[in-house]
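Peer 1: return a 3D structure for these sequence lines:
(2 chains)
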Amino acid sequence: MIRFVIRRIFQLIPVILGISMLTFGMMSFVPGDPVALMLGQHISPQTMESVRMELGLDLPFLTRYLNYLWNVLHGNFGRSYIQHQEVSQMLLDKIPVTFCLALVSSAIAIIFGVLIGVLSAVRQYSFWDNFTTFFTLIGLSLPTFWLGMVLQLVFGVIFRVLPISGSGGEGFHLQYYILPGFALGFASMAMYAGLTRSSMLEVLGEDYIRTARAKGLSKRAVVFKHGMKNALIPVSTHAGMDFASLMGGTILIETIFSLPGIGYMLFNAISRRDYPVVQGATLFLALVFVVMNLLVDISYAFLNPRIRYD
Amino acid sequence: MLKGTGRWYLVIAVLLSITLILSGCGPNTALTNGDKPSGATPVDGGTFRFGMISSPSALEPAFLEEINGIQIGKELYDGLVKYDPSSLEVMPAIAEKWDYSADKKVIKFHIRDDVKFHDGTAVKAQDVLDVWNRLAAKDTLSPVAFPLEPIVGFADVNSGEAKTISGLKKIDDYTIEVTLREKNAAFLTSLGHPAVSIYKIESALKAGKDFGTPVATPETLIGTGAFKFVKWNSDQDVTIEKFDDYYGTKAHVDRVVYKIFNNESTALNEFRAGNLDYVDMLPPGQRKSINMEFPDQTINQTTLTTQFIGFNLTKVPFKDNVNLRKAIAYALDPQSIIDTVLEGNSTLSNGPLPSTMLSYDIDLKAPKFDPAKAKEYLALAGYPDGKGLAPIQYAYNFNQENQKVAEAFQGQLKEIGIQIELRNMEWGSYVKAMQSGENQMFRVNWVADYPDPANFLNILYSKSQWGMNNVVFYSNPVVESLLTQGLEETDTTKRMDIYKKIQELVVEDQPAVWTFNPNYLRLLGKKVHDLTISALDHKDMRIVWLSK
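Peer 2: Numbering: from 1, shown residues only, chains lettered A, B, ... in the order given. Predicted coordinates for the structure are as follows:
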């Protein structure tokens, strides 16, 4: 098992290098001039050229990339061209917000998704089951930004029970994460509901469930103690990757809800061609994805001993 | 079974539709706030909650380039002079008065002796010199050091050859002397730009590169304005607080919180929920519905901004072909675009200056929409009905509105036989392409840095600005000479006459088609009083007050 984990960790190195190169390459080759954005139009072309040289933007791609990699390995992601702040500091400030949003979103998606899925499986072909099917379809089709705006209007403007935007300042304020968490996690919730339903239906047809029923156990005990425990294995392995997807999918939601996380920062940085910030944020999100993938693999291997370790 | 389920689907669909309708017609909660009789006595206190769209880039004066940074910066820092919020006239600020030498090249500024930094220490002449030298320094890389450019020795400091501007002298603790290379009638006005305002340099140097960034603290960001810095929560809000020891008229509100949004609809929802006192930018396409939803709560301000279609005068087909340029000017109907695409969000432009600018000439005879004349000029240009004219490229920085306007222009020019190829570009590439003369025809939007016609005419039409701001590469020796005269003439009446003459000549040469002077719709709460928005788009937080 330990060898398997170590091998998987080493396999990450080329993946991360590839991601860093891709991110760096994309920002280098897309049209746009960060110096023009930094210095505006009052500066002569000569000064612009000298600034380009000072920033090393005139160097060959590979040299620039190696310089960048060397700095990143030393914890130096550079300084924002626009806000003049250390990118590493910016990332540290924003990570907790995005992490909390993904966490709340995951919690909403899993709790409600699983509950809906279980109820739907237990009452197969009932109104509830049909509603769930409809709900799953809607959940997967609704545009996140639209749902976000509707939630703002209903709960923030009409009923005024939840904040519309922001994170509430320093610290974690759950109420600020509920609407964005719901909007972000709605599609996942629908997916969990569908996944739980099918998994639960499969489990409920197993012999040991029939045995449990035959023993005279209550319906609740059969469903929640014996059925759900096994039905949730595929759900739990899916949760890791879904969490990573939610972390990476925060750009729209953070922008709509003015949540100062990585997604919001990335949105601003892309629109202002703030290369160091875009590179830092993208690399971070990719790292989250890769690490979560690793954790899922390890947990899967742990949960299912039939997976080969070597 | 299926029948029953179908009925439920219908019920759910109806419920969803109701939710949608309700959400689209949210109650006008801001209207529940108290009203005030006009001419009421201002009340002190309260927090003004300002809805700002997009984060300021920086709060260091040397980087106050975009409007949101300027909006906050001008409250935190004072310069030697300031603008009257309504008329934009130059008024004393840190300098209580100034005298000119006989040749008008030397200005002596007398600094007030009661000006304090936000840490309570006194502001003296050396502080002004230090801040200006830092602004001009090569390493600072300021995009807005231009107000100091006319001072003797600026170029040496800006190129890194000297550390101090030789044309700046401290006479005593409260007097500084500024020597200009040439007479410059716009210099004093340009000193109202917040880039040249004064802050405590010791704390800025201590903060290093973190000065004016979101990690700034009240100990490192020490200004001279009517408000002092409290906190900048990155991408969330900036809080400033009334400075009790301010030398001038003190602000009415205790605090201003600039809440930052990236999405206009979210800001509007916050306003509807009563969480904002003011929204700076509204969702595009909703101007009419917002006016209906919030009657008497909107301000429509025309700004010192001009938008035009520039012709690259060094490139075919516009090089040496004024008739083609005039044909395009007559073929375009900007008013119809204002009425439709722009929802009335602009006024029609008749020349190089916006209508709110001093020396604007209302009688200027710029071509107006006239398809018959357009065809006439097109034939004179050598392209009757557009025959023989290759498709012309029209470049613009991409956003939805620019795209729609460009498509409308394309349709209008097609009417007289001119084919246009649209080229939407990312901002940085677009600026670079304009400055390098890569495009044939392009959209230009110029926002005044300071309220003087020189900031339009000398910047956009002088040969000295080729490759920088004169993106049409216009050059006319007579205009060039008049531009110099305009800059040097200190008699306002004579100066305005010179600029009027320049406008006539530029319009005659038609290096551009001046299309729109944009105006912006703003939303304010019912408790807000005396909010002044200047033509420079500055919202004055020093005179605004909130009723209880």
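
Peer 1: contacts only, for residue 188.
Peer 2: This is for chain A. Contacts of A:Ser188 were listed using CB atoms under 8 Å, 6 or more residues apart in numbering or on different chains, and they are A:105-106, A:109, A:113, A:242, A:245-246. Backbone N, C-alpha and C define where each C-beta goes, glycine included.

Peer 1: I was thinking of chain B, sorry if that wasn't clear
Peer 2: Contacts for B:Leu188 were tallied using CB under 8 Å, 6+ apart; they are B:81, B:90, B:98, B:107.

Peer 1: same question for A:Ser165.
Peer 2: Counting by CB under 8 Å, 6+ apart, A:Ser165 makes contact with A:152, A:257-259, B:259, B:261, B:266, B:269-270.

Peer 1: and it, helix, strand or coil?
Peer 2: For A:Ser165, the secondary-structure state derived from DSSP: H, G, I helix; E, B strand; the rest coil is coil.

Peer 1: and the residue nearest to it when sequence neighbours are not counted, helix, strand or coil?
Peer 2: Residue nearest to A:Ser165 in three dimensions, not counting chain neighbours: A:Ser258, with 3.9 Å by CB to CB, 6 or more residues apart in numbering or on different chains. What three-state DSSP gives for A:Ser258 is coil.

Peer 1: how about the residues of the stretch 51-200 of chain A near chain B?
Peer 2: For the stretch 51-200 of chain A, the residues in contact with chain B under the definition CB under 8 Å from any CB of the partner chain are A:51, A:79, A:82-85, A:89-90, A:93-94, A:125, A:127, A:130-131, A:134, A:149-150, A:152-154, A:156-158, A:160, A:164-167, A:169-170.

Peer 1: number of residues surrounding the residue in the stretch 51-200 of chain A that chain B sits nearest to?
Peer 2: Closest residue of the stretch 51-200 of chain A to chain B, CB to the nearest CB: A:Leu153 (3.8 Å). Burial of A:Leu153 is recorded as 23 neighbouring residues (other CB atoms under 10 Å in any protein chain shown).

Peer 1: ok, and the helix or strand in chain A with the lowest average confidence?
Peer 2: Across the helices and strands of chain A, the lowest-confidence element by mean pLDDT, DSSP states H and E is helix A:34-39, at a mean of 74.

Peer 1: name the helices or strands packed onto that one?
Peer 2: With contacts defined as 3 or more CB pairs under 8 Å, 6 or more residues apart in numbering or on different chains; DSSP states H and E, the packing partners of helix A:34-39 are helix A:45-54, helix B:427-435.

Peer 1: contacts for it, please.
Peer 2: Contacting residues not belonging to helix A:34-39 are listed as A:47-48, A:51-52, A:55, A:57, A:81-82, A:272-275, B:141, B:143, B:427-428, B:431-432, B:435 [CB under 8 Å, 6+ apart].

Peer 1: buried residues in stretch B:473-492?
Peer 2: Applying a neighbour-count criterion of 16 or more other CB atoms under 10 Å in any protein chain shown, the buried positions in stretch B:473-492 are B:473-476, B:479-480, B:482-489.

Peer 1: same list (those) but as a markdown table, adding pLDDT.
Peer 2: As requested, the buried residues of stretch B:473-492 are exported to a markdown table (pLDDT from 0 to 100):
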| residue | pLDDT |
| --- | --- |
| B:Phe473 | 97 |
| B:Tyr474 | 97 |
| B:Ser475 | 96 |
| B:Asn476 | 97 |
| B:Val479 | 97 |
| B:Glu480 | 97 |
| B:Leu482 | 97 |
| B:Leu483 | 97 |
| B:Thr484 | 96 |
| B:Gln485 | 96 |
| B:Gly486 | 96 |
| B:Leu487 | 94 |
| B:Glu488 | 93 |
| B:Glu489 | 94 |
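
Peer 1: among the residues you listed, which ones lie close to chain A?
Peer 2: Among the buried residues of stretch B:473-492, proximity to chain A is found for none (CB under 8 Å from any CB).

Peer 1: and the residues you listed, which is closest to chain A?
Peer 2: For chain A, the nearest member of these is B:Phe473. The distance, counting by CB to the nearest CB, is 13.3 Å.

Peer 1: and A:Ser245, what does it touch?
Peer 2: A:Ser245 makes contact with A:188, A:289, according to CB under 8 Å, 6+ apart.

Peer 1: any idea how far it lies from B:Gly69?
Peer 2: A:Ser245 sits at a distance of 35 Å from B:Gly69 (criterion: CB to CB, to the nearest Å).

Peer 1: so what touches stretch A:213-233?
Peer 2: A:114, A:118, A:121-122, A:196, A:199-200, A:202-204, A:206, A:208-209, A:212, A:303-304.

Peer 1: repeat the analysis, applying 10 Å as the threshold.
Peer 2: By CB atoms under 10 Å, 6 or more residues apart in numbering or on different chains, the surrounding residues in contact with stretch A:213-233 are A:110, A:114, A:117-119, A:121-122, A:192, A:195-204, A:206, A:208-212, A:235, A:238-239, A:300, A:303-304.

Peer 1: tell me the mean pLDDT for it?
Peer 2: Average pLDDT, stretch A:213-233: 84.
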